[in-house]
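Visitor: Attaching a predicted model along with its sequence, questions to come.
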Amino acid sequence: MTNLPLALRTALEAEVPFSTLAVVTEQQARDGTVKTLFRTHDGHPVEAVLMRYRDGRRSVCVSSQSGCPLTCTFCATGAMTFGRNLTASEIVDQALHFRRSVPLNHLVFMGMGEPLMNLDGVLGATRRMPAIGITHRRTTISTVGWMPGLSRFVEDVAEPIRLALSLHAADPALRSELMPVNDRYPLADVVALCRTHWERTNRRVFVEYVMLAGVNDAPAQARLLAELLGRDAFKVNLIPYNPTGKYGGSSREAIATFKAELDRAHVPATVRLTRGRDIAAACGQLAAVPRARAPEPVSS
């Protein structure tokens with residue numbers, strides 16, 4: 001901005017930060033996924049991920065909190081010390097960091113934190129995203145079923161933002177073991193509210209289901225999931241488990257068998273493509289500490 005006096009430019013540089021976030025480290029995976037570790041002005045760590053796809057999608061996965069207080073047992077973020085909610089500006093700046101190098105067209109709130117515990121910050125950021133090329137229809141907010149925020153989202157949000165439910169077990173007792181929030185907000189109530197969202201908007205709710213070997217991947221559990229969801233209001237994304245230290249991932253055969261049960265019940269289901277696993281950038285792996293690249297797989 002050379003049209004401004006030098007003294008004013010110097011004052012702006014000192015007093016008006018270019019971003020609310022400072023970059024600490026950045027890693028690139030073999031598949032082109034990029035993960036960036038930021039710190040807020042008061043020192044809290046935040047991670048965000050850029051995912052590139054062959055069909056032209058450029059999707060950014062952003063965080064809504066530093067850490068997460070809900071301690072889902074399969075998620076590395078839940079093992080962190082919870083910091084705080086992020087401001088709308090701090091969320092937008094995660095997307096802007098990647099937007100400076102590549103056009104973006106999709107955004108998911110599937111990074112660190114429970115977005116519906118920070119609904120004001122999340123909506124404040126989401127409503128700014130069309131200005132950088134990400135429409136509301138290409139924005140997805142994920143929740144574990146935090147009912148106060150979910151109720152507000154279903155009742156008050158007019159924009160066509162997509163909703164995703166992090167479910168992971170249709171049996172309430174097992175879900176409580178995996179996700180302690182289920183004791184506070186029972187699954188049946190959460191699913192009923194998600195169904196209300198579909199009835200009001202005619203937009204299916206995405207269901208995220210991480211596949212844990214010998215834990216939640218049996219055919220009987222697929223049938224229970226189908227019974228819970230029905231065939232109209234939901235679409236299931238089966239997520240191969242990305243190692244965080246506690247569980248083993250389901251085999252391809254187990255995932256295929258589970259999906260076949262859902263297909264038989266006419267519940268729409270897909271298997272999610274894993275991105276960025278070798279730099280701990282995949283679903284459930286964000287923990288805001290730099291980690292070494294995973295070794296190349298050994299061919300048999």
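Guide: Perfect, I can see it now. Numbering: from 1, shown residues only.

Visitor: Wait, a strand at Leu262?
Guide: No. Under DSSP: H, G, I helix; E, B strand; the rest coil, Leu262 falls outside any strand and is assigned helix.

Visitor: Figure out how far the lowest-mean-pLDDT helix or strand in the chain is from the centre of its chain.
Guide: Ranked by mean pLDDT, DSSP states H and E, the weakest helix or strand in the chain is helix 6-15, scoring a mean of 90. How far helix 6-15 lies from its chain's middle: 38 Å, per Cα atoms, centre = their mean, to the nearest Å.

Visitor: Sketch out the low-pLDDT regions of the stretch 151-300 of the chain for me.
Guide: Low-confidence segments of the stretch 151-300 of the chain (pLDDT under 70): 275-300.

Visitor: quick check, Ala125 in a helix?
Guide: Yes. Assignment of Ala125 by three-state DSSP places it within a helix.

Visitor: For the closest residue to Phe206 other than its chain neighbours, list the residues it contacts.
Guide: Leaving aside its sequence neighbours, Phe206 sits nearest to Ala164 (Cβ to Cβ, 6 or more residues apart in numbering; 4.0 Å). Where you see a C-beta, it was placed from the backbone N, CA and C, and this is true even at glycine. Going by Cβ atoms under 8 Å, 6 or more residues apart in numbering, Ala164 touches 108, 110, 140-143, 205-208, 237.

Visitor: Identify those among those residues that sit within strands.
Guide: 108, 140-143, 205-208, 237 (DSSP state E).

Visitor: closest to Met80 among these?
Guide: Of all those, Met80 sits closest to Ser142, with 17.6 Å by Cβ to Cβ.

Visitor: And the closest one, how close does it get to Leu8?
Guide: 43 Å (Cβ to Cβ, to the nearest Å).

Visitor: hang on, the earlier thing: make CSV from the ones in strands among the contacts of Ala164 and add distance to Gly149 to it.
Guide: Listed next are the ones in strands among the contacts of Ala164 as CSV, based on distance: Cβ to Cβ, whole Å:
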residue, distance to Gly149
Val108, 17
Thr140, 15
Ile141, 9
Ser142, 12
Thr143, 7
Val205, 15
Phe206, 17
Val207, 18
Glu208, 17
Asn237, 21
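
Visitor: wait, which of these is closest to Asp189?
Guide: Nearest member of those to Asp189, counting by Cβ to Cβ, is Thr143, at 13.0 Å.

Visitor: Who are the contact partners of the closest one?
Guide: 114-116, 149-150, 153, 163-166.

Visitor: Name the member of the residues you listed that has the highest neighbour count.
Guide: When these are compared by neighbour count (other Cβ atoms under 10 Å), Pro115 ends up highest, at 30 neighbours.

Visitor: contacting residues around the top helix by length along the chain?
Guide: When every helix of the chain is counted residue by residue (DSSP state H), the longest turns out to be helix 187-201. For helix 187-201, contacts defined as Cβ under 8 Å, 6+ apart pick out 145, 147, 150-151, 153-154, 160, 163, 165, 167, 170, 172, 175, 203-205, 228-229, 232-234.
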